[in-house]
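Peer 1: How does the following fold in three dimensions:
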Amino acid sequence: MPQLNPAPWFAILVFSWLIFLTVIPNKVLNHTFTNEVTALSAETLKSDTWNWPWH
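Peer 2: Model (predicted):
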């Protein structure tokens, strides 16, 4: 049975993973986002405590 011979299929598997690991990450990392990330301000927000009327 020819499907039990791993020689051609293993080479196809290795070459396809090499293509996936070299070409696709470059295409994804070169993608530019339309929304620029803005840094949050360093000022702290004033938070008031709540005085609950416990009756």
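Peer 1: all helices for the protein, in order.
Peer 2: 6-29 (DSSP state H).
Peer 1: count of neighbours near W17?
Peer 2: 10 (other C-beta atoms under 10 Å). All C-beta spots, glycine's among them, are computed from the backbone N, C-alpha and C.
Peer 1: And N35, by the same measure?
Peer 2: Around N35 there are 5 residues (other C-beta under 10 Å).
Peer 1: list the contacts for L18?
Peer 2: Not one residue lies near L18 by C-beta atoms under 8 Å, 6 or more residues apart in numbering.
Peer 1: And it, how close does it get to I12?
Peer 2: The spacing between L18 and I12, counted by C-beta to C-beta, to the nearest Å, is 11 Å.
Peer 1: now T49
Peer 2: Where I12 is concerned, T49 sits at a distance of 66 Å (C-beta to C-beta).
Peer 1: And these two? Which one has more around it.
Peer 2: I12 (9 against 5).
Peer 1: can you pull the pLDDT of that one?
Peer 2: Reading off the confidence values, I12 has pLDDT 90.
Peer 1: Use 866 as the first number for this chain going forward.
Peer 2: In the new numbering, first residue 866, that becomes I877.
Peer 1: Now do the contacts for it.
Peer 2: Taking C-beta under 8 Å, 6+ apart as the test, I877 contacts no residue whatsoever.
Peer 1: Low-confidence ranges, the chain, go.
Peer 2: Low-confidence segments of the chain, defined by pLDDT under 70: 866-868, 902, 906-910, 920.
Peer 1: Can you get me a residue count around K911?
Peer 2: There are 5 residues near K911, going by other C-beta under 10 Å.
Peer 1: What separation do you get for N895 and T887?
Peer 2: Per C-beta to C-beta, N895 is found 13 Å from T887.
Peer 1: hey, what's in contact with both of these two?
Peer 2: Contacts common to N895 and T887, judged by C-beta under 8 Å, 6+ apart, are absent.
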